[in-house]
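Trainee: pasting the sequence and the predicted model now:
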Amino acid sequence: MKFVPMLLLVIILVAVSVLGGTFYIVDETQQVVITQFGKPVGQPVTDPGLHMKLPFVQQSNYFEKRFQAWDGDPNQIPTKDKRFIWVDTYARWRIVDPLLFFQRLRNERGAQSRLDDILDGGTRNVIAKHELIELIRLSNKAFLEPRKEATAESIDQKKLGEIKYGRETLAQEVLTSASKRVKDLGIEILDFEFKRINYVEEVRKEVYARMISERKRIAEQYRSEGAGEAAKIDGQRQRELKKITSEAYRKAQIIKGRADAKAADLYAAAYSKDPEFYQFIRSMESFRKVLDANTTVVLSTDGDLLEYLQRPEKTW
C-alpha cells in the first residue's frame, strides 16, 4: 500500500511530461530551435535523438537540414540590347544557422518570400547588364549541323557575335550577388540556374517570321545550287554525246569510204572484163531510177535500149 502513492506520483509526472511536451524527438533530417515565450533559448539542437525541454513554457521549432528548392516565377525582363524575354529560374538552398534563420525569417515560408526578392532582383540586374546572346549561349563554340554548307551559309558565327561571359557565368554572377545578401539570414544558396529562357509573345512572332524567311533563303540557295549543278551535268552530257556522235560519224564515214572504194574496184573489174555488159547494167539501173509504172517512154530506133530489147536472143 505504501507504493501506491509513489506509483501515482510517477504516473502524474509522466503524464505532465507527456502533456507538457517535456520530451521531443529530433529526426536526422531536422534541427530544432527551442523558444521560451517566443524567444529562442540555448543553442540549436542538431543531433538526432530524444531531447528534453521545460514543459508548457518552452516550444520546439523544427527546421529542415536537407537541401530545399526555390522555383522562381517566370518574369518578363529586358536585356541590355532591349530584347524582352521570359526568364524562369531555379535555385537550391539550405539552412546553415537555424538560430539566425529563426530570428530573421521565422520559417521556410518567410525564407521563400525573401529569396523571391533577392534572386528575382539579382536576375533582373544581371540580365539588364548583358545582351541576349550572352544569356542563350554557353561559349563561342561553333554550331554543329549535318552539312558543312549549312554551317557556312545558314549560321554566320561573326554575325551572331562573340560572347564574353555566357549563360553559366551570368548564373554564377546572380549566385554570387545573392549569396552576399543571405549571409545574415542563416541560409546558404547552393546553386542557381536559368531553367527556361524565351521571347515574349510579340517578339516571338517576329523571330519565327525571321526564322522562316531565313530557312526559305537557304532553301532557295540550295535550289539554285542544284539547278547550277544540273546545268553543269547536262552540259557535260551534251559534250559527251556530241563527242560520241562525232566519233561514230567519223568511223561511219571511214567505213563508207572504204565500201565505196571497194565498190569502185568491183565496178572497175567488171567493166574491164566485159565493157558492153557493164554499160548495159548501168543503163538498166538508170532506167530503174527514172521510170515507174505510169511513165510512157518513146524510144529512138537507133537507141541502145531498143537495140537490147530487139535482140533478146543475145546472151551476156
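Mentor: Now that the structure is in, tell me what you want to look at.
Trainee: ranges for the strands of the stretch 151-300 of the chain?
Mentor: Along the stretch 151-300 of the chain, the segments classed as strands by DSSP state E, counting those that start in this stretch run 187-199.
Trainee: model confidence over stretch 246-259, on average?
Mentor: Averaging pLDDT along stretch 246-259 yields 92.
Trainee: extract the C-alpha set from it and format it as PDB.
Mentor: Only the C-alpha atoms of stretch 246-259 are listed here, as PDB (Å, rounded to 0.1, in the frame of the first residue of the first chain):
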ATOM      1  CA  SER A 246      31.200  12.800-133.800                       C
ATOM      2  CA  GLU A 247      33.400   9.800-133.300                       C
ATOM      3  CA  ALA A 248      30.600   7.500-134.600                       C
ATOM      4  CA  TYR A 249      30.200   9.700-137.700                       C
ATOM      5  CA  ARG A 250      33.900   9.700-138.300                       C
ATOM      6  CA  LYS A 251      34.000   5.900-138.100                       C
ATOM      7  CA  ALA A 252      30.900   5.600-140.300                       C
ATOM      8  CA  GLN A 253      32.500   7.800-142.900                       C
ATOM      9  CA  ILE A 254      35.600   5.800-142.900                       C
ATOM     10  CA  ILE A 255      33.700   2.600-143.300                       C
ATOM     11  CA  LYS A 256      31.500   4.200-146.100                       C
ATOM     12  CA  GLY A 257      34.600   5.400-147.900                       C
ATOM     13  CA  ARG A 258      36.200   2.000-147.700                       C
ATOM     14  CA  ALA A 259      33.000   0.500-149.000                       C
END
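Trainee: so where is this structure shaky, pLDDT-wise?
Mentor: For the chain, applying pLDDT under 70 flags the ranges 1-5, 10, 12-20, 142-161, 303-316.
Trainee: tell me the domain boundaries of the chain?
Mentor: Per automatic domain parsing, the domain ranges recorded for the chain read 3-64, 68-199.
Trainee: gap between the two ends of the last one?
Mentor: By Cα to Cα, to the nearest Å, the extent of domain 68-199 from end to end equals 29 Å.
Trainee: centre of the chain to it, how far?
Mentor: 23 Å (Cα atoms, centre = their mean, to the nearest Å).
Trainee: do the same with the first one
Mentor: Distance, stretch centre to chain centre, for domain 3-64: 60 Å (Cα atoms, centre = their mean).
Trainee: circling back to that earlier point, most packed of the domains of the chain?
Mentor: Mean neighbour count (mean count of other Cβ atoms under 10 Å) peaks for domain 68-199 among these, with a mean of 16. The C-beta positions use only the backbone N, C-alpha and C, and glycine is treated the same way.
Trainee: starting at the chain centroid, how far to the top helix by length along the chain?
Mentor: Looking across the chain with DSSP state H, the single longest helix is helix 201-273. Taking Cα atoms, centre = their mean, the mean C-alpha location of helix 201-273 is offset from the chain mean by 39 Å.
Trainee: can you check what angle separates that helix from strand 187-199?
Mentor: Orientation check (axes from the mean of the first three to the mean of the last three Cα atoms, to 10 degrees): helix 201-273 against strand 187-199 gives 50 degrees.
Trainee: thank you, goodbye.
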